[in-house]
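K.L.:
would you be able to build a 3D model of this:
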Amino acid sequence: MIKFLVFGDLHYDYATKGDQRIEEILARAKRENVDFMISLGDVTAPFEKYDHVIEKFDNCGIPIHYVLGNHDVKVKLEDTMAFLHLETPYSSFTQGNVKFILLNSNYEKQGEEEYSFPNRKGENVITPIIPSFEMDWLKKELEEDDKSYVIFSHHSLINEFRQRGIKNRKEVHALFSGKRVLLCMNGHDHGEAFKLWDQVPYYTLNSAFGPWIGVPNDDPVIKEKYAYLHGYVPYDRALSAVVTIDDESGSTAITVRIDGMEGDYEAVTPAEIGLAEPKWNGVSVEPKASSCVITFSDGVAQVTKP
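P.N.:
Okay, the predicted model is just below:
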């Protein structure tokens, strides 16, 4: 059995109650006795004054693995990697019968050239993407037929709303054909979603801070009244999910349990900002991380609510 905690989009440099949110994440990880933690990106701006944030996670006694988010790469990629103590911008590790793959989707393409963020401006820029050299690496990482796989990315591999999702997601998904991909998890959208696509479960994890929705109706009165929020609608707690994989050696059935959590809005609701329903950027911005159980038997996935 493998058990791990996942959180994303803490945005400590923006967040209300940033230190409290970190403590909530760490407290849950310790209470659940997880094997490791995964950050799905955008922990905090990669500047020296936020070194203490990374120190809290790195020194908590539980191993943590960082996926790079678009806000993490506001500076040169090598500077971000140094800030997060990473050797490579994408990576993998194996525990038991499961290989965990952490993608870096912070790339864009203009013509035939592929670039790492920070974003370039101009015409015909395709962003975000998994670049060709990382696609080649991913294909090789998926060659172990005796392994099951869990894939992490910052940007979504299922969200088709505007510029949110990874543009070459169909090519990424095609690499999963014939592989035991138990779960794909992403952040970035500051909301939640779930989709089962060709027997591959895709789970978008809600933000540990809250959604950014701006002022949807552009009402100047609302803009002035809630200017201090800078477009964010904070949740009252740091949302996270605990994932348990029961992959017994020799068994044909594999169970993946995702234990989410319920929260509330800290003070202001999306409706007060002018959002008619709690959905934004193609995802639900209700204050929760949904729970589910995914059972694989003979290559067929069945999803149930616990």
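K.L.:
now do the helices in this protein.
P.N.:
18-31, 51-58, 77-83, 132-141, 169-174, 220-225, 270-273 (DSSP state H).
K.L.:
next, count neighbours for residue 74.
P.N.:
The tally of other residues near residue 74 (other Cβ atoms under 10 Å) stands at 15. Using the backbone N, CA and C atoms, a C-beta is placed for each residue, glycine as well.
K.L.:
cool, and the one 4 residues further on?
P.N.:
Residue crowding around residue 78 was assessed by other Cβ under 10 Å; the count is 11.
K.L.:
what do you get for residue 115?
P.N.:
Neighbours around residue 115, by other Cβ under 10 Å: 16.
K.L.:
in stretch 111-129, what counts as buried?
P.N.:
Buried residues in stretch 111-129, counted by 16 or more other Cβ atoms under 10 Å: 114, 115, 116, 117, 127, 128, 129.
K.L.:
what is the mean pLDDT for it?
P.N.:
Per-residue pLDDT values across stretch 111-129 average out to 85.
K.L.:
same question, stretch 176-190
P.N.:
For stretch 176-190, mean pLDDT is 97.
K.L.:
now do it: distance from first to last residue.
P.N.:
End-to-end span of stretch 176-190 (Cα to Cα, to the nearest Å): 26 Å.
K.L.:
so how far is it from its chain's centroid?
P.N.:
Offset of stretch 176-190 from its chain centre (Cα atoms, centre = their mean, to the nearest Å): 10 Å.
K.L.:
please name the nearest non-neighbouring residue to residue 134.
P.N.:
Once flanking residues are discounted, residue 134 sits nearest to residue 90: 5.8 Å by Cβ to Cβ, 6 or more residues apart in numbering.
K.L.:
and if you look at residue 22?
P.N.:
Nearest residue to residue 22, sequence neighbours excluded (Cβ to Cβ, 6+ apart): residue 56, at 5.5 Å.
K.L.:
what pLDDT does the one you found get?
P.N.:
Looking at residue 56, its pLDDT reads 98.
K.L.:
that one contacts residue 26, correct?
P.N.:
Yes. In this structure, residue 56 is within contact of residue 26 by Cβ atoms under 8 Å, at 7.2 Å.
K.L.:
low-confidence stretches in the stretch 151-300 of the chain?
P.N.:
Residues of the stretch 151-300 of the chain meeting the criterion pLDDT under 70: 248-252.
K.L.:
repeat that for 80
P.N.:
Within the stretch 151-300 of the chain, the ranges that satisfy pLDDT under 80 run 162-163, 247-252.
K.L.:
and what of the stretch 1-150 of the chain?
P.N.:
The model of the stretch 1-150 of the chain has pLDDT under 80 over residues 119-123.
K.L.:
before we move on, the earlier item: can the helices of the chain go into TSV with extra columns for distance to residue 161?
P.N.:
Shown next, in TSV, are the helices of the chain (distance: least, Cβ to Cβ, whole Å):
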stretch	distance to residue 161
helix 18-31	26
helix 51-58	30
helix 77-83	26
helix 132-141	23
helix 169-174	13
helix 220-225	23
helix 270-273	16
